[in-house]
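Visitor: could you look at this predicted model? Sequence included:
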Amino acid sequence: MSDKPMPVVISTWKPMVRNTLRGFASIRLGALKINDVTVHRHESGKCWASLPSKPVIQTDGTAKKGDNGKPLYVPILEWDSKATADRFSESLIAALEREHPGATE
């Protein structure tokens with residue numbers, strides 16, 4: 001596996017600060033366009049990007065909630081390894097900071 005950054009291009013950036021969330025990006029990764037990639041920042045300063053997910057819907061049509069009362073989500077797309085996911089996240093955060101300085105603050 002390569003340690004080179006992934007060729008992430010930010011198409012659109014929608015800031016939305018809520019808890020760790022900093023906003024939503026639409027990106028291009030080669031010929032693939034991915035919408036609603038979430039960008040987060042922990043109070044420790046660590047930033048990461050997550051591929052889109054969707055809420056778990058129960059048979060009655062309501063969102064299933066976890067023990068903490070928050071909706072549960074399942075991934076729509078997944079990387080084949082944590083190393084690849086980390087490489088994607090680092091590449092996206094770097095591209096976002098280049099194109100939208102301070103976006104992860």
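Guide: Nice, I can see it. Source: prediction; values computed, not measured.

Visitor: which residue ranges of this structure form helices?
Guide: 82-99 (DSSP state H).

Visitor: without its sequence neighbours, what residue ends up closest to Y73?
Guide: Of all residues not flanking Y73 in the chain, S53 sits nearest, at 4.1 Å (C-beta to C-beta, 6 or more residues apart in numbering). All C-beta spots, glycine's among them, are computed from the backbone N, C-alpha and C.

Visitor: wait, what's in contact with the one you found?
Guide: S53 makes contact with 73-76, according to C-beta atoms under 8 Å, 6 or more residues apart in numbering.

Visitor: and for C47?
Guide: Neighbours of C47 in contact, by C-beta under 8 Å, 6+ apart: 22, 39-41, 89, 93, 104.

Visitor: which one of the residues you listed sits in the busiest neighbourhood?
Guide: For the contacts of C47, the largest number of neighbours (other C-beta atoms under 10 Å) sits with V39, at 25 neighbours.

Visitor: check the gap between the nearest residue to that one once chain neighbours are set aside and A83 for me.
Guide: Nearest-residue entry for V39: R22, 4.8 Å, with adjacent residues in sequence omitted and distances by C-beta to C-beta, 6+ apart. Distance, R22 to A83, by C-beta to C-beta, to the nearest Å: 23 Å.

Visitor: list the contacts of the closest residue to G23 other than its chain neighbours.
Guide: Of all residues not flanking G23 in the chain, P15 sits nearest, at 4.2 Å (C-beta to C-beta, 6+ apart). Taking C-beta under 8 Å, 6+ apart, we find P15 in contact with 22-23, 103.

Visitor: of those residues, which is the nearest to N68?
Guide: Proximity of the contacts of P15 to N68 was ranked by C-beta to C-beta; the top entry is R22 with 21.2 Å.

Visitor: quick test: name the residue nearest the centre of this protein.
Guide: Closest residue to the average C-alpha location of the chain: S50 at 2.4 Å, with C-alpha atoms, centre = their mean.

Visitor: can I assume that one is in contact with V37?
Guide: Yes. S50 lies in contact with V37 (C-beta atoms under 8 Å); the separation is 6.9 Å.
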